[in-house]
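Colleague: Have a look at this prediction, sequence included:
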Amino acid sequence: MNAVSENSSPESPAAPAPFAPVADNQRIEALDVVRGFALVGIFLMNIEWFNRPFAAFNDGIPRDATGLDWLANWFVNYFVAGKFWTIFSLLFGMGFAVMLVRAEKAGREFKKVYLRRVLALGVFGAMHYIFLWEGDILFSYAIGALGLMIVLYGRPWPIFIGILAALGLGFAANAMFAVMVGLILIGLLGIYLRSPKRVFGTPLFSFLLMLIGGLATVAAVGFWAWPDGPMEARLSLSAFGPLLLIFGWLSKKYYEPAEKRSLRMAASIYVFSGLAMTLGAVTQQFSPDPTVVPPGSEDKPAVSAAATPAAPASPVLAAASVAKAASAAKAVEKPKTRAEKAAEAKAEKEKRLKEGAENRATETKLFSKGSYADIVERRARQFPEKAAGDAGFAVLLVGMFLMGVWFVRSGVMEDTKRHLPLFRKMALWGLPIGIGLGLVTCFIGVSHTPGDRYDGWGIAHGLRTLGNLPACLGYVGLLVVMLHSKTFGAVRYLAAPGRMALTNYLMQSLICTLYFYGYGLGHWGMSRSMQVVFVAVVYIAQIAFSNWWLSRFRYGPMEWLWRGFTYRQVPKLRIDRSPSAAATSAA
């Protein structure tokens, strides 16, 4: 390798400029506006869980809600919940792509810089979870960002070693099995995007998906044919097996062109998860209750020939036969009757319901009256389980991130004005389909009774999840169209809180914990309608504060800290309004 001195030749290419924070004139305004809009949606969704135990997270609208409280619950559940974390995830992927594209154009190192950014976000998320609020999503995004890096840049052997390590650790801590599954799925996504290998003319990813789907379908048939087959296995395999076959075939058919793979995979991940939830709930809805013995069913265990041998020909042989039978009876466990199995299932169900009720009571008491030290101690104990669980959630996040990457790489977000027809279509189609699908579920169920497998809530929740993605894209399309209109140009005021999204998100948690929790002002249990008013007041204040702050400083406080760690430099914070600075800027 030849070394070339810095001044050896005028023909030498200039060294790439160091990686630095994005200048104000390089920001994409649409991203900031959409981020500011998403921030208020996240707040509307989160504030409920500063006033309600997390153990009730999947119960839907409280059954005792009436009047304005019911209406506020209904509005947030069907126009907000599930739609805004997907918008934030989409924006996170866009931010990743903006950094990547600009690094590629400038010929700068990207991976190390971005990993430092992810590390800082993970630290913020962990501290937020432990010291402020357990509804944190920042740490989840950090894990998802690592998953995205693995999908785009990961090598097979390190991924395989990581899977084996998670498997080994899983026998010591069950939560590590979630990490193993997450790594397997993320590895498969990487194969889909980057591997050119084919098996029998089929892309490797598609072949693996159809193979797993075929085996799962065969296993599902076997479990249903087995009279005492475990219901959980029947339900999960019946939902996932055929879905994997279908998606494997679709991934083969639409494998090309390569530039559309990330978009197609992103949409497929979200649709697959929603369909799996819905089909699993449908299967459960129409399957027998394992805690009930069907009328007229046989209530005696089958008796094997070994347990009732034929009468021997002599007393000696008879004695030997009896001794052998007694020994076999000790070695072989007596088969359980259906009634015994139903009783066990019922006892397990009652145990879960009791634990759920106790968790609700414990959380309500802790957050409404507990000390700060007690709450922090609880969260610190729960954090490892939360971190492992995020490995599974990361797969869904990676899908949304990749969709955001497509929006930037395709040039759609770089020049939103030129792509207004696309954004209009997103709004005109996405909102009616996404919101409409959610509203249809109102006729199935808006609340869930813990332990009731036939109240339709699982089906309603699955269908509503399916609608979240088109609704998310519809909201983004609507905001961009409004941004470019004269009538609704005021949405630009959302850009300032959007530029300070991390600061404002953490500020919302700080305000809510101090206002609602027992160690603060103790207003735990505020009515849902008043929560909406509270959000409006606080967010209007955040808009004013953000615009005031950014008129004096370049970044929000937390954004400044985040960028300093990412780029290993102290970014200039205060805006220099001196005459010399103005002249330099004009030049």
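Modeller: Now that the structure is in, tell me what you want to look at. Because the structure is predicted, anything quoted here is derived from the model rather than measured.

Colleague: what distance separates the longest helix along the chain from the middle of the whole chain?
Modeller: Counting residues, the longest helix found in the chain (DSSP state H) is helix 372-409. Taking C-alpha atoms, centre = their mean, to the nearest Å, the mean C-alpha location of helix 372-409 is offset from the chain mean by 7 Å.

Colleague: what's the average pLDDT for the following helix or strand past it?
Modeller: Using DSSP states H and E, the helix or strand that follows helix 372-409 in sequence is helix 420-440. The average pLDDT for helix 420-440 rounds to 95.

Colleague: what about helix 420-440, distance to the chain center?
Modeller: Counting by C-alpha atoms, centre = their mean, helix 420-440 comes out at 22 Å from the chain centroid.

Colleague: tally of neighbours for K365?
Modeller: 13 (other C-beta atoms under 10 Å). C-beta here means a position set from N, CA and C on the backbone, and glycine is covered the same way.

Colleague: quick one, the helix or strand harbouring it and helix 372-409 angle?
Modeller: Assigned by DSSP H and E, K365 belongs to helix 338-369. For helix 338-369 against helix 372-409, the angle by axes from the mean of the first three to the mean of the last three C-alpha atoms, to 10 degrees is 100 degrees.

Colleague: Would you agree K111 is in contact with Y153?
Modeller: Yes - with contact defined as C-beta atoms under 8 Å, K111 counts as touching Y153 (6.6 Å).

Colleague: hang on, the earlier thing: now for the helix holding K365, which elements pack on it?
Modeller: In terms of contacts (3 or more C-beta pairs under 8 Å, 6 or more residues apart in numbering; DSSP states H and E), helix 338-369 is packed against helix 372-409.

Colleague: Give the buried residues for the helix it packs on.
Modeller: 375, 378-379, 383, 386-391, 393-409 (16 or more other C-beta atoms under 10 Å).

Colleague: Check stretch 512-524 too.
Modeller: C512, T513, Y515, F516, Y517, G518, Y519, H523, W524.

Colleague: and the gap between the second one and F88?
Modeller: Here the criterion is C-beta to C-beta, to the nearest Å. By it, T513 lies 21 Å from F88.

Colleague: Next: P196.
Modeller: 34 Å.

Colleague: How about K349?
Modeller: 36 Å.

Colleague: Tell me if I'm right that G147 and G392 touch.
Modeller: No - judged on C-beta under 8 Å, G147 makes no contact with G392 at a distance of 10.3 Å.

Colleague: Can you check which residues contact both of the two?
Modeller: Common contacts of G147 and G392, defined by C-beta atoms under 8 Å, 6 or more residues apart in numbering, comprise G182.

Colleague: coming back round to it: from the contact counts, what lies against the longest helix of the chain?
Modeller: Secondary elements touching helix 372-409 (3+ C-beta pairs under 8 Å, 6+ apart): helix 84-106, helix 111-131, helix 138-153, helix 176-194, helix 261-285, helix 338-369.

Colleague: Report the angle between it and helix 111-131.
Modeller: Going by the same axes, to 10 degrees, helix 372-409 is angled at 150 degrees with respect to helix 111-131.

Colleague: got the contact list for F57?
Modeller: So F57 contacts W49 (C-beta under 8 Å, 6+ apart).

Colleague: per-residue confidence for it?
Modeller: Listed pLDDT for F57 reads 89.

Colleague: circling back: neighbour count: P196 and F88, which is higher?
Modeller: Between P196 and F88, F88 has the larger neighbour count (other C-beta under 10 Å), namely 23 against 7.

Colleague: Run a quick neighbour tally on the closest residue to the more buried one other than its chain neighbours.
Modeller: What sits nearest to F88 in space, not counting adjacent residues and going by C-beta to C-beta, 6 or more residues apart in numbering, is A38, at 5.1 Å. Neighbour count for A38, taken as other C-beta under 10 Å: 27.

Colleague: Roughly how far does A38 sit from G411?
Modeller: 22 Å.

Colleague: what does E559 give?
Modeller: Separation of E559 from G411 (C-beta to C-beta) stands at 26 Å.

Colleague: Give me the more crowded residue out of the two.
Modeller: Neighbour count, other C-beta under 10 Å: between E559 and G411, E559 has more, with 19 against 12.

Colleague: which residue sits closest to that one in space, ignoring its chain neighbours?
Modeller: Of all residues not flanking E559 in the chain, L502 sits nearest, at 5.6 Å (C-beta to C-beta, 6+ apart).

Colleague: List the contacts of that neighbour.
Modeller: Applying C-beta under 8 Å, 6+ apart, the residues contacting L502 are F124, L138, G556, M558, E559, W562.

Colleague: Now rank these by neighbours and give me the top one.
Modeller: G556 (24 neighbours).

Colleague: Neighbours of the closest residue to F79 other than its chain neighbours, how many?
Modeller: With C-beta to C-beta, 6+ apart as the criterion, F79 has its nearest non-adjacent residue at 6.4 Å, and that residue is I435. Neighbour count of I435, defined by other C-beta under 10 Å: 20.

Colleague: Quick check: I435 touching F75?
Modeller: No - the pair I435 / F75 is not scored as a contact, 11.0 Å apart, by C-beta under 8 Å.

Colleague: from the middle of its chain, how far away would the host helix or strand of L502 be?
Modeller: According to DSSP H and E, L502 maps onto helix 501-516. Offset of helix 501-516 from its chain centre (C-alpha atoms, centre = their mean): 21 Å.

Colleague: could you dump the helix or strand just after that helix to CSV, C-alpha only?
Modeller: Going down the chain from helix 501-516, the next helix or strand is helix 528-550, by DSSP H and E. Output in CSV follows, covering the C-alpha atoms of helix 528-550 (Å, rounded to 0.1, in the frame of the first residue of the first chain):
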residue,chain,number,x,y,z
ARG,A,528,-59.9,10.5,31.1
SER,A,529,-61.6,13.6,29.8
MET,A,530,-59.5,15.8,32.1
GLN,A,531,-56.4,14.0,31.0
VAL,A,532,-57.1,15.2,27.4
VAL,A,533,-57.4,18.8,28.8
PHE,A,534,-54.2,18.3,30.7
VAL,A,535,-52.4,17.2,27.6
ALA,A,536,-53.7,20.2,25.6
VAL,A,537,-52.5,22.6,28.3
VAL,A,538,-49.0,21.1,28.7
TYR,A,539,-48.4,20.6,24.9
ILE,A,540,-49.4,24.2,24.1
ALA,A,541,-46.9,25.2,26.7
GLN,A,542,-44.3,22.9,25.1
ILE,A,543,-44.9,24.5,21.7
ALA,A,544,-44.3,28.0,23.2
PHE,A,545,-41.3,26.8,25.1
SER,A,546,-39.8,25.0,22.1
ASN,A,547,-40.2,28.0,19.8
TRP,A,548,-38.7,30.3,22.5
TRP,A,549,-35.8,28.0,23.2
LEU,A,550,-34.9,27.5,19.6
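
Colleague: Could I get the buried residue list for helix 528-550?
Modeller: Across helix 528-550, burial judged by 16+ other C-beta under 10 Å covers 528-529, 531-532, 534-535, 538-539, 542-543, 545-546, 549-550.

Colleague: I'd like to check what contacts that helix. Which residues are they?
Modeller: Residues from elsewhere that reach helix 528-550 (C-beta under 8 Å, 6+ apart): 36, 39-40, 43-44, 47-48, 51, 65, 67-73, 75-76, 493-494, 496-497, 499-500, 504, 507-508, 511, 526, 556.

Colleague: Please apply the same query to stretch 117-131.
Modeller: So stretch 117-131 is in contact with 99, 136-143, 145-146, 149, 376, 379-380, 383, 386-387, 502, 506, 509, 558, 561-562, 565-566, going by C-beta under 8 Å, 6+ apart.

Colleague: can you rerun that using 7 Å?
Modeller: 136, 138-139, 141-142, 145-146, 376, 379-380, 383, 386, 506, 509, 562, 565-566 (C-beta atoms under 7 Å, 6 or more residues apart in numbering).

Colleague: Quick one: distance of that stretch to the chain centre.
Modeller: 17 Å.

Colleague: and that stretch, average pLDDT?
Modeller: For stretch 117-131, the mean per-residue pLDDT is 96.

Colleague: For that stretch, buried residues please.
Modeller: R117, V118, A120, L121, G122, F124, G125, A126, H128, Y129, I130.
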